[in-house]
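> Using only what follows, build the 3D model:
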Amino acid sequence: MLKIKSTLFKGLMLLVLTCLAADKPKLMKMKVNDQITVSIPRDWHPMDAMDFTQRYPSVRAPLAAYTDADRQVDFSVNISATQWPDTNHEIAKQFFKASLRNMFDQVTFLQEGVREVNKKKFIYFEIESRMNGNQRQEGQRETIGKYTYIQYYLEPGRTLVFSFNAPRRMKDDWKETADDMMKRIKIK
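Numbers count the residues shown, from 1 in each chain. Okay, the predicted model is just below:
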């Protein structure tokens, strides 16, 4: 009887783990250019220039930007306007942290640090942010809460920025996938 219960328990645990794993999006490799390869969920598609410009107004077009079918969750690869003469990660980390604080009305840092990914050093931040709405502007009165996982790769003369964004209410659904995507970035 004990052997049957043990086998039944193991089978039930295997089923639960399989269901949990099936819920996580499968990632596929995407070549951004000859030097950069990223991994994104299989059902995502590239953002067109107009879509990116409407959602992320910027002077610089991204190297690549991808979004889910509902256009709520996205990932982009950019070159930052900030250039570093060297690769002092600790000083750069403090600069980028201050910059993130200035971008939003409220920022909560969930994780931050410098780590190695595929033999390259990255500065990373995982944050929750809030932008207060503009009460005088129709259509922009709502407060916007975001979950962002951002990673910076420093090279002399340029900084690559990898950014994952989702509505804050979807953080728990995407947190593990965002971390997985950031840990699969490859730069030659």
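> right, and residue 130 touches residue 143 too?
Yes. Here residue 130 reaches residue 143: they are 6.0 Å apart, a contact under CB atoms under 8 Å. No exception for glycine: its C-beta is placed from N, CA and C like everyone else's.
> which ones are touching residue 84?
92, 154-157, 159 (CB atoms under 8 Å, 6 or more residues apart in numbering).
> what helix or strand does the most centrally placed residue in the chain sit in?
In the chain, the C-alpha closest to the average C-alpha coordinate belongs to residue 164, at a distance of 2.1 Å (CA atoms, centre = their mean). Assigned by DSSP states H and E, residue 164 belongs to strand 158-167.
> what's the next secondary structure element after the helix or strand bottoming out on mean pLDDT in the chain?
Every helix and strand in the chain was compared by mean pLDDT, DSSP states H and E; the lowest is helix 2-23, with a mean of 50. Scanning forward in sequence from helix 2-23 by DSSP H and E, the next helix or strand is strand 27-31.
> Packing partners of that next one?
Packing partners of strand 27-31 (3 or more CB pairs under 8 Å, 6 or more residues apart in numbering; DSSP states H and E): strand 36-41, helix 171-183.
> Just the C-alpha atoms of the first one, please, in PDB.
What that stands for is strand 36-41. Taking C-alpha atoms only, strand 36-41 is exported to PDB below (Å, rounded to 0.1, in the frame of the first residue of the first chain):
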ATOM      1  CA  ILE A  36      24.000  40.100 -31.200                       C
ATOM      2  CA  THR A  37      21.700  37.100 -30.700                       C
ATOM      3  CA  VAL A  38      18.700  37.200 -28.300                       C
ATOM      4  CA  SER A  39      16.000  34.700 -27.300                       C
ATOM      5  CA  ILE A  40      12.400  35.700 -27.400                       C
ATOM      6  CA  PRO A  41       9.100  33.800 -27.000                       C
END
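> Direction included, what does it pair against?
strand 27-31 (antiparallel), strand 186-187 (antiparallel) (DSSP bridges).
> what residues does the shortest one touch?
Pointing back at strand 186-187 there. For strand 186-187, the surrounding residues in contact (CB under 8 Å, 6+ apart) are 35-38, 118, 120, 153, 160.
> likewise the longest one?
The set of residues external to strand 27-31 that reach it, using CB under 8 Å, 6+ apart, is 37-42, 64, 66, 177, 180-181, 184.
> try it again with 6 Å
By CB atoms under 6 Å, 6 or more residues apart in numbering, the surrounding residues in contact with strand 27-31 are 37-40, 42.
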